[in-house]
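*Asks:* Would you be able to build a 3D model of this:
(chains A and B)
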Amino acid sequence: ILNVEQSPQSLHVQEGDSTNFTCSFPSSNFYALHWYRWETAKSPEALFVMTLNGDEKKKGRISATLNTKEGYSYLYIKGSQPEDSATYLCAWENNAGNMLTFGGGTRLMVKP
Amino acid sequence: KAGVTQTPRYLIKTRGQQVTLSCSPISGHRSVSWYQQTPGQGLQFLFEYFSETQRNKGNFPGRFSGRQFSNSRSEMNVSTLELGDSALYLCASSLPSGGGAGELFFGEGSRLTVL
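*Replies:* Here you go, the predicted model:
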């Protein structure tokens, strides 16, 4: 069984707070690490796909880092806004490709 | 550019029946994968198709099957439905990059309720 773990499971923050979540995954047979945002009543939407150890990617106020040797990735949100409220999913892709193993997600709620 | 379209969006079946769900990928995307979302298990991989061939299958019983057509549209079928099959079924398409899946584009899902 491949374990992709995310923490925390849920998080309540105030508007303007910065926050971060963790995704841990198997370091062997690694190919890529994906991050998705899933808003209620919508489809999951890709944030980042990272493949290289040490990768850092940024999209607006959201950024992510990747450590493939130790098997973890961090997602950071700077200055959280209510519209950031969503479930954030990470997914591990092995080197056989084409299938993703998802973590359980971190549910973020940002209070105005 | 149209997104991934799944039909039907909602359906109710009874135990023992079978169901077919449909997915139309983004134009030009040849890889289609299916995932099951349940409250307790999160998103779990069912199978992935590329150019009408199943390349990967998740750990689900044989009652779960799928196929892909030459236009990349895909269907999945669940036979002899059980209560535990109640879930949101998500389809995702991608334009594979390098050897991997690439970024997945998800549909809105088909919510199946089994009574």
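*Asks:* from here on, contacts and neighbour counts on C-alpha atoms
*Replies:* Fine.
*Asks:* Relative to the lowest-mean-pLDDT helix or strand in chain B, what are the paired strands and their orientations?
*Replies:* Of all helical and strand segments in chain B, the minimum by mean pLDDT, DSSP states H and E falls on strand B:53-57, at a mean of 91. Strand B:53-57 has the following sheet partners, assigned by DSSP bridges: strand B:42-50 (antiparallel).
*Asks:* Run through who's touching the partner strand.
*Replies:* For strand B:42-50, the external contacting residues (C-alpha atoms under 8 Å, 6 or more residues apart in numbering or on different chains) are A:98-105, B:30-37, B:54-60, B:66-68, B:72.
*Asks:* any idea of the mean pLDDT for that strand?
*Replies:* Strand B:42-50 comes out with an average pLDDT of 93.
*Asks:* from the middle of its chain, how far away would it be?
*Replies:* 7 Å (C-alpha atoms, centre = their mean, to the nearest Å).
*Asks:* ok so, going back, going by neighbour count, which residues in the helix or strand that the least confident helix or strand of chain B is followed by are buried?
*Replies:* Following strand B:53-57 in sequence order, the next helix or strand is strand B:64-68 (DSSP states H and E). For strand B:64-68, burial by neighbour count (16 or more other C-alpha atoms under 10 Å in any protein chain shown) applies to B:64-68.
*Asks:* Just the CA atoms of strand B:64-68, as CSV, please.
*Replies:* Extracted C-alpha coordinates of strand B:64-68, given in CSV (Å, rounded to 0.1, in the frame of the first residue of the first chain):
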residue,chain,number,x,y,z
PHE,B,64,-15.5,-2.1,-12.5
SER,B,65,-14.6,-1.9,-16.2
GLY,B,66,-14.0,0.7,-18.8
ARG,B,67,-13.1,1.4,-22.4
GLN,B,68,-12.0,4.2,-24.6
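*Asks:* Next up, the contacts around the residue nearest to the spatial centre of chain B.
*Replies:* Nearest residue to the geometric centre of chain B (C-alpha atoms, centre = their mean): residue B:34, 3.0 Å. By C-alpha under 8 Å, 6+ apart, the contact set of residue B:34 is B:45-48, B:89-92.
*Asks:* Sounds good, over and out.
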